[in-house]
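Engineer: what's the 3D shape of this:
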Amino acid sequence: MPETTIVILSALNHEYEAVRKRLPAVATRMHSAGTIFEIGQLSDGCRIVLACTGVGNHAAAVTAERAAHEFSPAAIIFVYTASPLPPRLPLADLVVPTPAPAHHGPTIEQSDTRRSPW
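Structural biologist: Numbering: from 1, shown residues only. The predicted structure is shown next:
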């Protein structure tokens, strides 16, 4: 059975380190253009590829594209620190908004040019 690969990206170092410290053994791989990826494995065998993109949509897009091409992942997940959140949520809970609209510009399905649906 082929190994499942998940890419996890973050913009800030503290977000990156929060994920990184949960990977027991990590190998470093440098993309030909200089992006540093760290690769670890979860106990269930899932390969995790981790990278810090830096701040900004372009940096995140470039890193995501490089990771997609280099690792052919089953998923690319962008993690970030969300605040403020209700105090009842424990540290490290995964919060997924529903719906999750594109907030940096219209999607291809939208016919208008509003920057945000809010």
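Engineer: for this structure, what spans make up the strands?
Structural biologist: 5-10, 27-30, 36-41, 47-52, 75-79 (DSSP state E).
Engineer: quick one: which of the ones you listed is nearest Ala68?
Structural biologist: strand 75-79 (6.5 Å; CB to CB). Glycine gets a C-beta too; all of them are placed from N, C-alpha and C.
Engineer: partner strands of that closest one, parallel or antiparallel?
Structural biologist: Partner strands for strand 75-79, per DSSP bridges, with pairing direction: strand 5-10 (parallel).
Engineer: mean confidence for the top helix by length along the chain?
Structural biologist: Of all the segments assigned as helix in the chain under DSSP state H, the longest by residue count is helix 57-71. The average pLDDT within helix 57-71 is 92.
Engineer: Excluding sequence neighbours, find me the nearest residue to the residue nearest the centre of the chain.
Structural biologist: The centroid of the chain falls nearest to Phe78 when counting by CA atoms, centre = their mean (2.3 Å). In space, and not counting its chain neighbours, Phe78 is closest to Leu9: 4.9 Å by CB to CB, 6 or more residues apart in numbering.
Engineer: what number of residues lie near that neighbour?
Structural biologist: 23 (other CB atoms under 10 Å).
Engineer: Pro86 versus that one, what's the distance?
Structural biologist: Taking CB to CB, to the nearest Å as the measure, Leu9 falls 25 Å from Pro86.
Engineer: next one: Leu50
Structural biologist: Taken as CB to CB, the span from Leu50 to Pro86 is 28 Å.
Engineer: out of the two, which sits in the busier spot?
Structural biologist: Between Leu50 and Pro86, counted using other CB under 10 Å, the more crowded position is Leu50 (23 against 6).
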